[in-house]
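S.K.: How does the following fold in three dimensions:
(chains A and B)
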2 protein chains.
Amino acid sequence: MSSENRDVIFIGKKPLMAYVTSTLIQLANLPAVHIKARGLSIGRAVDVAQIISRKTENAGYSIGEIKIGSEQLESKDGKSRNVSTIEIEVKRNAP
Amino acid sequence: MSSENRDVIFIGKKPLMAYVTSTLIQLANLPAVHIKARGLSIGRAVDVAQIISRKTENAGYSIGEIKIGSEQLESKDGKSRNVSTIEIEVKRNAP
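M.R.: Numbers count the residues shown, from 1 in each chain, chains lettered A, B, ... in the order given. Below you'll find the model as predicted:
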């Protein structure tokens, strides 16, 4: 989960709740966090954002801007192909 | 691909290009189309939107508003569980 900038959480193969926990930890210190994923992990990024927004409705976190895009990746056979990406902002509501 | 309202494309198990084609057909008649998916198909919805926005940059289609949410579904054992959803607007750019 560690990433070069602390307001970004990259979704990989760990259990969902590991990402939910680290997002909540970052949100304790930062006004907003960006959950990023690509390819097959895109659905899991939406799951993490939804778990947080559902479970913390009172604590005042909500889903902010959502961006989708694609990146070019080089597969093992040297060919480059496009992989979809998603970035979901989870932010603290203004008090 | 048929849906009760024509501006909605539900992503299921068909090949991606089937959804790309039907989205483009709808966009020929409508100013905007909403690609919807849930659960494991969420990543494919992003793929379809990205293929369209990449392949039609000149023809003037772009990604509009993206919404995520969750629905309660009853699984076979009668228990209800939350499934994440996504809705991606693909729209014709203003001339």
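S.K.: what angle separates the strand or helix carrying A:L73 from strand B:61-74?
M.R.: For A:L73, the element it lies in under DSSP states H and E is strand A:61-74. Put simply, strand A:61-74 runs at 120 degrees to strand B:61-74, going by axes from the mean of the first three to the mean of the last three Cα atoms, to 10 degrees.
S.K.: does any part of strand A:61-74 sit near chain B?
M.R.: Yes: counting by Cβ under 8 Å from any Cβ of the partner chain, contacts between strand A:61-74 and chain B involve A:I63, A:I66, A:K67, A:I68, A:G69, A:S70. Where you see a C-beta, it was placed from the backbone N, CA and C, and this is true even at glycine.
S.K.: same thing with stretch A:48-55?
M.R.: Yes: for stretch A:48-55 and chain B, the contact criterion (Cβ under 8 Å from any Cβ) is met by A:A49, A:Q50, A:R54.
S.K.: Highest neighbour count among these?
M.R.: The most crowded member of the residues of stretch A:48-55 next to chain B, judged by other Cβ atoms under 10 Å in any protein chain shown, is A:A49 (30 neighbours).
S.K.: if we can go back for a sec, mark which of the residues of strand A:61-74 next to chain B are buried, thanks.
M.R.: Neighbour-count burial (16 or more other Cβ atoms under 10 Å in any protein chain shown) is assigned, among those, to A:I63, A:I66, A:I68, A:G69, A:S70.
S.K.: quick revisit: quick one: which of the residues of stretch A:48-55 next to chain B is nearest chain B?
M.R.: The shortest approach to chain B among the residues of stretch A:48-55 next to chain B belongs to A:Q50, at 4.6 Å (Cβ to the nearest Cβ).
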